[in-house]
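K.L.:
I'd like to go over a predicted model; first the sequence, then the structure.
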Number of protein chains: 2
Amino acid sequence: MVNYLATVVVTLKQVVNDPQGLTVRSGLRQLGFEEVDEVRVGKHIEVRLSAENEKAARARVSEMCRKLLANHVIEDVRFQVEQQDAQVGASR
Amino acid sequence: MVNYLATVVVTLKQVVNDPQGLTVRSGLRQLGFEEVDEVRVGKHIEVRLSAENEKAARARVSEMCRKLLANHVIEDVRFQVEQQDAQVGASR
């Protein structure tokens, strides 16, 4: 088994209202960042998992997205998978 | 002025406890994803802004991170800035 790091980005679909983003935008503008036009806030999820190979890892992460990580009615999801060193705790 | 899209990723520092990540990990494992080792949840923030040039945009986004977007005591932050087409609403 090989260790992989999947980075999953979950964002609200463009047609869905984003109150958190509006709040951040308002805060930035109050702080003097008047050049800010729009802010959208999504989730950045890092999943460490083991799998036989990268193809298998990608299939499992895709299933995780479908079953738990994203709400496909209102959210878009994309991810990338990269192989990790066997031992955790070295330079990372 | 040119339009830019800044993508800011805010993650908890590795030494900081991540209850949200633990909850997602637990949920995944209960759904049968027993190969999941660790989950960390961070924020993915998209900021649309205008600036004279990319260097100026990067400087302003860096300031936004410092002043509002991230808590530097417990969070790490990184971002990238890319130029957008002048008109919004076309292919993106």
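P.N.:
Happy to help now that I have it.

K.L.:
for residue A:32, which three-state class applies?
P.N.:
Going by DSSP: H, G, I helix; E, B strand; the rest coil, the secondary structure assigned to residue A:32 is coil.

K.L.:
now swap in residue A:17 and tell me
P.N.:
The assignment at residue A:17 comes out as coil when based on three-state DSSP.

K.L.:
tally of neighbours for it?
P.N.:
Neighbouring residues of residue A:17 were enumerated by other C-beta atoms under 10 Å in any protein chain shown; the total is 9. For the C-beta atoms, the positions are set from N, CA and C on the backbone; glycine is no exception.

K.L.:
cool, and the one 10 residues further on?
P.N.:
Per other C-beta under 10 Å, the neighbour tally for residue A:27 reads 16.

K.L.:
report all helices and strands that the helix or strand residue A:25 falls within contacts.
P.N.:
Secondary structure assigned from DSSP states H and E places residue A:25 in helix A:19-30. Contacts defined by 3 or more C-beta pairs under 8 Å, 6 or more residues apart in numbering or on different chains; DSSP states H and E place helix A:19-30 against strand A:36-51, strand B:36-51.

K.L.:
want to throw those into CSV with mean pLDDT and mean neighbour count?
P.N.:
Converted to CSV, the helices and strands packed on helix A:19-30 look like this (pLDDT from 0 to 100; neighbours: other C-beta atoms under 10 Å in any protein chain shown):
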stretch, mean pLDDT, mean neighbour count
strand A:36-51, 98, 20
strand B:36-51, 98, 20
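
K.L.:
residue contacts, residue A:81?
P.N.:
A:4-7, A:54, A:57-58, A:61 (C-beta atoms under 8 Å, 6 or more residues apart in numbering or on different chains).

K.L.:
give me the angle between the helix or strand harbouring it and strand A:36-51.
P.N.:
In this structure, residue A:81 is located in strand A:75-83 according to DSSP H and E. Between strand A:75-83 and strand A:36-51, the angle formed by their directions is 50 degrees, by axes from the mean of the first three to the mean of the last three C-alpha atoms, to 10 degrees.
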